[in-house]
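K.L.:
Just need the structure, nothing else, for what follows:
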Amino acid sequence: MTPCEKLGYKVGQRFIAKGAPQFADGSIVELYRDDGTDLPCWKLIEGKCSFLNAGGYAGAYDFIGCFEPLDATMTIITRTNGQPYATEASARQQLTAKGLQDTHEVAPHEGGYALAPIQRVGDPITLQPGDHVSTDGMTEEQYHAVARAFENAGCPRFDRQKGRGIGSYLEWWNGVLDSTIIPENGGRHLTIDQVLGATNAGTTTPQPEEATMTTDPITTLKQARQARDEAEKAYQEALEEAREYLGEGFGLLERATADEAGEDMSDPANWRDGDVLTCIDDGGHGWYTEGKQYAIVRIDVDGWPVMRDDDGDQSALAPSRMKFHHRPT
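P.N.:
As a prediction, the model looks like this:
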């Protein structure tokens, strides 16, 4: 198992660079090639990189520990210099360019706009600047619990606040938790329960008890055996009907497919000499024709398939530009 596989990282997954020697902090990258080491190849999506190691595109081999999965981070995404986007339109453009529509949304942030994680109904929120909660009906005990939650999230109480404050809201504003009559940052309006249950509030949420096993393993095994026998019987009946349909002089020969052999042929690591691939993207080289099949002559040292191109010459093409078609018998 490679270092990437141990962490659950997959080719095509996107990350944020943090302290990576070859990328500017905050750059959005995509895992381009898992070479089995702790220095896989990352393709630049947005940000800065001085190398072109990702199949001719901007990217580089860099330490795996310097990248955080984009879908796992709970931080707000701003420009690479840490400043917010100036307009909502520019932030929305970056949301699309980074491919984050399913996980993030455009939200007001520090006088501009940023890409904030989408909070779905029922999901625990993460406290962030701009969040505010109404003090209407809030008890003294609830006030101190809310203040501690914000403090644990990195937002201390303003010095002059000794009690509940005089405002109608408590808001994370200018780095402190302040009392205000009208929220000033256009942030999220939260309930007390949302604040106390936030992922960075420093409180613990009771974990649901593990479901008890309702069926013992022996019964499950018997049921699986019965299902397998029934499937085999149906297969044999279909096989006999096919032989009768073909008549004398013809026969049926079973052969194991790559999938039946347990191989995932969408993974280029399982490709081998003789396999037939379909070109899905020539990359602008003009060597291959999209939609045409090519047989692998050999696999080079980088794991790229070498095939005879349209000119009859042997050349390699990035695995991401090819798709497995079939393995000749």
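
K.L.:
So residue 325, which state does it fall into?
P.N.:
State at residue 325, reduced to three classes by DSSP: H, G, I helix; E, B strand; the rest coil: strand.

K.L.:
what do you get for residue 151?
P.N.:
Recorded secondary structure, residue 151: helix (three-state DSSP).

K.L.:
Now residue 303. Nearest residue, chain neighbours left out?
P.N.:
residue 268 (6.5 Å; Cβ to Cβ, 6 or more residues apart in numbering). No exception for glycine: its C-beta is placed from N, CA and C like everyone else's.

K.L.:
Neighbours of that neighbour, how many?
P.N.:
Using other Cβ atoms under 10 Å, residue 268 has 20 neighbouring residues.

K.L.:
pretty sure it is touching residue 302, no?
P.N.:
No - using Cβ atoms under 8 Å, residue 268 is not in contact with residue 302; the gap is 10.7 Å.

K.L.:
who's in contact with the residue nearest to residue 303?
P.N.:
Residue 268 sits next to 303, 305, 319, 322 when contact means Cβ atoms under 8 Å, 6 or more residues apart in numbering.

K.L.:
closest to residue 12 among the residues you listed?
P.N.:
Among the contacts of residue 268, residue 319 lies closest to residue 12 (Cβ to Cβ), at 11.6 Å.

K.L.:
Can you give me the separation between that closest one and residue 2?
P.N.:
Going from residue 319 to residue 2 by Cβ to Cβ, to the nearest Å gives 15 Å.

K.L.:
Likewise for residue 46?
P.N.:
26 Å.

K.L.:
Next: residue 276.
P.N.:
Applying Cβ to Cβ, the value for residue 276 to residue 2 is 27 Å.

K.L.:
likewise residue 176?
P.N.:
Distance, residue 176 to residue 2, by Cβ to Cβ: 45 Å.

K.L.:
just residue 56 next, same as before
P.N.:
Note on residue 56: its distance to residue 2, by Cβ to Cβ, is 24 Å.

K.L.:
do the same with residue 113
P.N.:
The gap separating residue 113 from residue 2 is 38 Å, by Cβ to Cβ.

K.L.:
Have a look at these two and say which one is more surrounded.
P.N.:
More crowded of residue 113 and residue 2, by other Cβ under 10 Å: residue 113, with 23 against 15.

K.L.:
Which pLDDT does the model give residue 80?
P.N.:
Model confidence at residue 80, given as pLDDT, is 67.

K.L.:
begin at 33 from here
P.N.:
With the count now opening at 33, the last piece we talked about shows up as residue 112.

K.L.:
which element is residue 175 on?
P.N.:
helix 172-184 (DSSP states H and E).

K.L.:
so the next helix or strand after that helix versus helix 172-184, what angle?
P.N.:
Using DSSP H and E, the helix or strand that follows helix 172-184 towards the C-terminus is strand 201-205. Counting by axes from the mean of the first three to the mean of the last three Cα atoms, to 10 degrees, strand 201-205 points 10 degrees away from the direction of helix 172-184.

K.L.:
Direction included, what does strand 201-205 pair up with?
P.N.:
The strands beside strand 201-205 in its sheet (DSSP bridges) come out as strand 164-166 (antiparallel), strand 208-212 (antiparallel).

K.L.:
For residue 129, list the residues it contacts.
P.N.:
Residues counted as contacts of residue 129 (Cβ under 8 Å, 6+ apart) are 77-78.

K.L.:
ok, now how distant is it from residue 77?
P.N.:
For residue 129, the distance to residue 77 - Cβ to Cβ - is 8 Å.

K.L.:
now swap in residue 207 and tell me
P.N.:
Residue 207 is 31 Å from residue 77, where distance means Cβ to Cβ.

K.L.:
So the two - more neighbours on which side?
P.N.:
Counted by other Cβ under 10 Å, residue 207 and residue 77 do not tie: residue 77 has more neighbours, with 18 against 11.
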